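> kindly return the folded structure for what I paste below:
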Amino acid sequence: MTMSERLVVVSAPSGTGKTSLDMKLVRTHADKVQMVRSCTTRAARHGDDKDYRFLSIMQFQQMINEQEFVEWAEVFGNYYGTSKADIEHVLQQKKIALLEVDVQGGKQLKNRYPHAVSVFILPPGITELCRRLIARDTDNVAAQQRRISAAHREIELGKCYDNFIINDEFDRTYKELKAIVLQSAAAQLTRADGLKICDTLLAEFSQLARTGTAQLKAK
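Next up, the predicted model:
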């Protein structure tokens, strides 16, 4: 197994459940898999100091200038990035390096490590996904629309990924993700079927845009 084959990139629209899936995998198989820590300029939250390295904007910019990142992007006004040193730290322990990044970062990682395994987690439907995103910002309409627009964009860009999993039931989805990461198994969906589902979800977004999201709040 080459260095890049021990890299697994997992992405998904916000609200799809990727972090819960990834964290269960890392907790259950800590001897085999380790999450690569992300650098970010966002404010720290309680309990996430193990998953992030918190930097000032000036520090983040310095790392960009010194080409320390293998990928970085701006997401919701904050910067996120993955350093080469953090990836190498995991690989030196002979573990699978699991990277949870947005699709912008995922594309950069695939360009840098062409043989890395990429997994895109899909929601079972757009209506339920939008309800979850709206619930996160109940009083902030601008934030709701920003999250929904970002989800649309992530599904569109996520079509470049290798594997697609629908998170329709957590335990089933977890078992499939575990098989891909630990056993190099193929996803149950073919890539062609995954792309068709992406197109179906994008069509649902278009329908929702015509009817509006106000109806979701009442349900």
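
> need the contact list for T41.
Residues in contact with T41 (C-beta atoms under 8 Å, 6 or more residues apart in numbering) are 54-57, 60, 78-80. Glycine gets a C-beta too; all of them are placed from N, C-alpha and C.

> ignore the last one, N167
N167 is in contact with 12, 16-18, 21, 121-124, 173, counting by C-beta under 8 Å, 6+ apart.

> helices or strands up against the longest helix seen in the chain?
Longest helix of the chain, by residue count under DSSP state H: helix 191-211. Contacts defined by 3 or more C-beta pairs under 8 Å, 6 or more residues apart in numbering; DSSP states H and E place helix 191-211 against strand 117-122, helix 126-136, helix 141-157, strand 163-166.

> among these, which is nearest N65?
Distance to N65, taken as C-beta to C-beta, is lowest for helix 141-157 among these, at 26.1 Å.

> list of residues touching that closest one?
In contact with helix 141-157 (C-beta under 8 Å, 6+ apart) are residues 11-15, 75-76, 102-104, 107, 122, 129-130, 133-134, 136-137, 198, 201-202, 205, 213.

> kindly state the pLDDT recorded for R146?
On pLDDT, R146 comes in at 81.

> please narrow the contacts of N167 to those residing in helices.
Using DSSP H, those in helices are 18, 21, 173.

> same list (these) but as a markdown table, adding neighbour count and pLDDT.
Shown next, in a markdown table, are the ones in helices among the contacts of N167 (neighbours: other C-beta atoms under 10 Å; pLDDT from 0 to 100):
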| residue | neighbour count | pLDDT |
| --- | --- | --- |
| K18 | 22 | 94 |
| L21 | 23 | 97 |
| T173 | 21 | 97 |
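
> residues in contact with K84?
Residues counted as contacts of K84 (C-beta under 8 Å, 6+ apart) are 68-70.

> nearest to R27 among those residues?
Closest approach to R27 among the contacts of K84 (C-beta to C-beta): V70, at 25.0 Å.

> thought the closest one was touching K107?
No - taking contacts as C-beta atoms under 8 Å, V70 lies outside contact range of K107: 11.7 Å.

> and the two? Which one has more around it.
Just comparing V70 and K107: by other C-beta atoms under 10 Å the higher neighbour count belongs to V70, 23 against 20.

> who touches that one in this structure?
82-84, 87, 108-109, 112-113.

> repeat that for A192.
A192 touches nothing, counting by C-beta under 8 Å, 6+ apart.

> measure it to A185 for me?
As judged by C-beta to C-beta, to the nearest Å, A192 and A185 stand 18 Å apart.
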